[in-house]
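1. Here is a sequence with its predicted model. Questions after.
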Amino acid sequence: MNIYQLLRIGEHHINHCEDYAIVETIGQGKILCAVMDGCTMGGDSYFAATLVGKLLRKIAIEKSYQSFYDKSHNTSVDIDLKYILGKLMAELKDLKNKLLLKDDELLTTLLIAIMDVENNTGKILTIGDGLVCINGQLYEFEQDNKPDYLGYHLAEEFEMWYSKQKQILHIDKIEDISICTDGIFTFSAYDKKKYNVQKDPINYLQLIIYWLTKKIKSLKAC
């Protein structure tokens, strides 16, 4: 599986990029991918996105070790996603108490994908705004500029909260997958000049991914 990542600081973000992205293996031929977008109106908005990314990396490494020592414990992507989210919420709640963090210091969106490379299946959960592309089909999650954030739900009972999640996508056959924060909707000309041809940045980026995939497949065939 070929994985491509792109992370850029926004024009109005002076000191830090408020997005964060990670890709980690979780053992037994499975991969965790996630992108986070901190709330600009929150306190130190880059912090929440980075913290969630670091915690997900820690959880992924622990799960990878666990699967290495117990190869008989092979779970589905559905179980993996729920387990990882449960661990993430518990650790966020614990850190909030230990560091005396305020609610607005833990505001970040989250798009998380668990992919089973061997079985060619996957599952994606979006908390807040974002864009998902599965096998050329776009799924836009837009909440009228009032996105949901993980930090809103730390006091809730996890099982009840998780059962209410609606922005979940199941993948029966993976050809290509893209997960993006809503920053992809703000792409603009880097040099501020006006051009006659107006490009759709979403379709343009998807075209690049499609072309790279075909190019790599043709090279392997040679």
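-> Yep, that arrived.
2. Give the residue spans of this protein that score low on pLDDT.
-> Across the chain, residues meeting the criterion (pLDDT under 70) sit at 1, 4, 6-15, 40, 42-43, 71-73, 144-146, 186-202, 204-222.
3. Going by neighbour count, which residues of the lengthiest helix in it are buried?
-> Longest helix in the chain by number of residues (criterion: DSSP state H): helix 45-69. For helix 45-69, a neighbour-count test (16 or more other Cβ atoms under 10 Å) marks 45-53, 55-56, 59-60, 63-64, 67 as buried. C-beta here means a position set from N, CA and C on the backbone, and glycine is covered the same way.
4. Quickly name whichever of those is closest to residue 175.
-> Residue 175 lies nearest to residue 60 out of the buried residues of helix 45-69, by Cβ to Cβ, at 23.8 Å.
5. What helices and strands are in contact with the helix or strand that contains residue 162?
-> Element membership for residue 162 (DSSP states H and E) is helix 158-163. Helices and strands touching helix 158-163, by 3 or more Cβ pairs under 8 Å, 6 or more residues apart in numbering; DSSP states H and E, are helix 77-98.
6. quick one: contacts of the helix it packs on?
-> With contacts defined as Cβ atoms under 8 Å, 6 or more residues apart in numbering, helix 77-98 is touched by 26, 30, 32, 51-52, 55-56, 58-60, 63, 75, 101, 106, 112, 114-116, 121-123, 125, 150-151, 153-155, 158, 161-162.
7. for stretch 137-145, same thing?
-> Looking at what lies outside stretch 137-145 - Cβ under 8 Å, 6+ apart - the contacts are 126, 128-133, 167, 169, 182, 202, 206.
8. Among these, name the buried ones.
-> 126, 128-133, 167, 169, 182, 202, 206.
9. So which of these sit within strands?
-> Using DSSP state E, the subset of the buried ones among the contacts of stretch 137-145 located in strands is 126, 130-133, 169.
10. which one of these is nearest residue 39?
-> Proximity of these to residue 39 (Cβ to Cβ) peaks at residue 130, which lies at 13.4 Å.
11. on that earlier part again, CSV for the buried ones among the contacts of stretch 137-145, including distance to residue 16?
-> Below are these laid out as CSV (distance: Cβ to Cβ, whole Å):
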residue, distance to residue 16
126, 23
128, 19
129, 19
130, 20
131, 22
132, 25
133, 27
167, 26
169, 30
182, 17
202, 25
206, 28
